[in-house]
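*Asks:* here's my sequence, what's the structure:
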Amino acid sequence: MNSTGGFGDTGRGTMAGKLVVLGRVSGVYGVRGWVRVFSDTDPRESILSYRPWFLRRAGNWESMDVAEGRRHGKGVVARLEGVDDREAARDLLGLEIAVDRDQLGVTGPGEYFWTDLEGLEVVTTGGRTLGVVDHLFETGANDVMVVKGDRERLVPFSEPEPVREVDFEDRRILVDWDPDF
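*Replies:* Residues are numbered from 1 along each chain as shown. Next up is the predicted model:
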């Protein structure tokens, strides 16, 4: 698994119905309505392949079509349909970008989208429930699950140690982990 929650062209984020957050509008670019995009996909420009985008404005998701986009330096820039000038682009600053979960496709054996792991119960091989996966983050060495239960725990997401099994049917992750750690 990588920083985006799976292998290759994947995303991490939180579920909002069937939507998965893959990034956010982080700035304006030029005067013709282009925006800078902070993308959680790997590679970063993969966010441009998902259509439509859903942007959250005042708690509501609004569908927007991507007119064009490209990688720009270490980031991504895009122009959305109907956004034709800098002021209109500025109105999008800070908005989350999500896509329909079904667009992400199916993962192979041992591959997971972070969004699919969130909410799963984490149980030790000794049978003790540690809590549920709140979210994950990347450290460079491996991904880490933030497990919230009687207290917050950081558990490396690494197979086969400490993650022994991911069971989506029973909605749990079996880990070989000291509950006192």
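*Asks:* tell me what the helix or strand containing residue 55 is packed against?
*Replies:* Applying DSSP states H and E as the criterion places residue 55 in strand 53-57. In terms of contacts (3 or more Cβ pairs under 8 Å, 6 or more residues apart in numbering; DSSP states H and E), strand 53-57 is packed against strand 60-64, strand 96-100. Using the backbone N, CA and C atoms, a C-beta is placed for each residue, glycine as well.
*Asks:* each with direction, which strands does the first one pair with?
*Replies:* Counting by DSSP bridges, the strands paired with strand 60-64 are strand 53-57 (antiparallel).
*Asks:* any idea of the angle the partner strand forms with strand 96-100?
*Replies:* Counting by axes from the mean of the first three to the mean of the last three Cα atoms, to 10 degrees, strand 53-57 lies at 140 degrees to strand 96-100.
*Asks:* give the buried residues for strand 53-57.
*Replies:* Residues 53, 54, 55, 56 are the ones in strand 53-57 that count as buried (16 or more other Cβ atoms under 10 Å).
*Asks:* out of those, who's nearest residue 66?
*Replies:* Nearest to residue 66 among the buried residues of strand 53-57 is residue 53, at 6.1 Å by Cβ to Cβ.
*Asks:* I figured that closest one hits residue 67, correct?
*Replies:* No: using Cβ atoms under 8 Å as the test, residue 53 is too far from residue 67 to be in contact (11.1 Å).
*Asks:* any chance of a markdown table for the helices and strands packed on strand 53-57, columns distance to residue 82 and mean pLDDT?
*Replies:* A markdown table is the format used below for these (distance: least, Cβ to Cβ, whole Å; pLDDT from 0 to 100):
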| stretch | distance to residue 82 | mean pLDDT |
| --- | --- | --- |
| strand 60-64 | 7 | 96 |
| strand 96-100 | 16 | 96 |
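*Asks:* just the ones you listed: most buried one?
*Replies:* Counting by mean count of other Cβ atoms under 10 Å, strand 96-100 has the highest mean neighbour count of the helices and strands packed on strand 53-57, with a mean of 22.
*Asks:* ok so, going back, let's have the buried residues of strand 53-57 in TSV, adding distance to residue 153 and pLDDT.
*Replies:* Below are these laid out as TSV (distance: Cβ to Cβ, whole Å; pLDDT from 0 to 100):
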residue	distance to residue 153	pLDDT
53	34	97
54	32	97
55	33	97
56	29	96
